[in-house]
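*Asks:* sequence first, then the predicted structure, then my questions.
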Amino acid sequence: WTSKALVIATKILRFFYRTSLRANAITSAASLLFTWVGAFFYLRGFEEFAWIVIALTRIAQSMIYFTLVLIMIVITFALVLRALYDGSNNSSTSALSNIGSALENAFFTSIF
C-alpha cells in the first residue's frame with residue numbers, strides 16, 4: 001500500500017508542482033523502491049525463488065546496525081563540512097550553504 005500511496009503523491013506533486021522535478025523524482029524513486037521490495041513478497045510463493053528472498057531478507061536484517069552506524073558517520077561528516085563552511089560566495093563550496101545540501105553532498109560522496 002505504501003508504493004500505491006507514493007504513486008498517488010507523485011501524481012499530485014506533478015499536478016501542483018510541474019516545474020519542481022526534484023520533488024517528483026524523489027517520490028517516484030521511493031515508489032519504485034517500494035514496488036520492487038513488494039515484488040519480493042510475491043516471489044516467495046515460487047519454490048525456486050523462496051530461498052533467495054529469505055536469504056536476502058536475513059542479510060538485510062543483519063545489516064541494520066551497520067547501516068545505522070554508517071548513517072551516523074555520514075551525518076557527522078556533513079555537520080563538520082557545514083561547520084567549516086565560511087559563507088563566502090565561492091561557487092565551489094556553495095553546496096554547503098545549508099545543512100540539507102551538506103547532508104545531500106555527504107551522502108552522495110559516501111556512495112560514490
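*Replies:* Structure received. Residues are numbered from 1 along each chain as shown.

*Asks:* tell me where the protein has helices.
*Replies:* Ranges of helices in the chain, per DSSP state H, are 2-16, 21-43, 47-62, 64-84, 99-111.

*Asks:* where among those is average confidence lowest?
*Replies:* When the helices of the chain are compared on mean pLDDT, helix 2-16 scores lowest, with a mean of 70.

*Asks:* columns mean neighbour count on top of the helices of the chain, output as JSON lines?
*Replies:* Bear in mind the C-beta positions are built from the backbone N, C-alpha and C, glycine included. Putting the helices of the chain into JSON lines (neighbours: other C-beta atoms under 10 Å) gives the following:
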{"stretch": "helix 2-16", "mean neighbour count": "14"}
{"stretch": "helix 21-43", "mean neighbour count": "14"}
{"stretch": "helix 47-62", "mean neighbour count": "11"}
{"stretch": "helix 64-84", "mean neighbour count": "13"}
{"stretch": "helix 99-111", "mean neighbour count": "14"}
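
*Asks:* need the contact partners of stretch 50-61.
*Replies:* Under the criterion C-beta atoms under 8 Å, 6 or more residues apart in numbering, residues Phe40, Leu43, Arg44 lie in contact with stretch 50-61.

*Asks:* what's the spacing between the residue nearest to the second one when sequence neighbours are not counted and Ser62?
*Replies:* Counting by C-beta to C-beta, 6 or more residues apart in numbering, Phe49 is the residue found nearest to Leu43 once chain neighbours are left out, at 4.2 Å. Applying C-beta to C-beta, to the nearest Å, one obtains 20 Å for the distance of Phe49 from Ser62.

*Asks:* from the contacts of stretch 50-61, pick the one nearest Leu6.
*Replies:* Phe40 (17.1 Å; C-beta to C-beta).

*Asks:* can you pull the contacts of the residue positioned nearest the centre of the chain?
*Replies:* Closest residue to the average C-alpha location of the chain: Ala30 at 7.4 Å, with C-alpha atoms, centre = their mean. Contact analysis of Ala30 by C-beta under 8 Å, 6+ apart lists Leu6.

*Asks:* circling back to that earlier point, okay, the contacts of stretch 50-61 in a markdown table with distance to Ile71 next?
*Replies:* Formatted as a markdown table, the contacts of stretch 50-61 follow (distance: C-beta to C-beta, whole Å):
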| residue | distance to Ile71 |
| --- | --- |
| Phe40 | 23 |
| Leu43 | 28 |
| Arg44 | 28 |
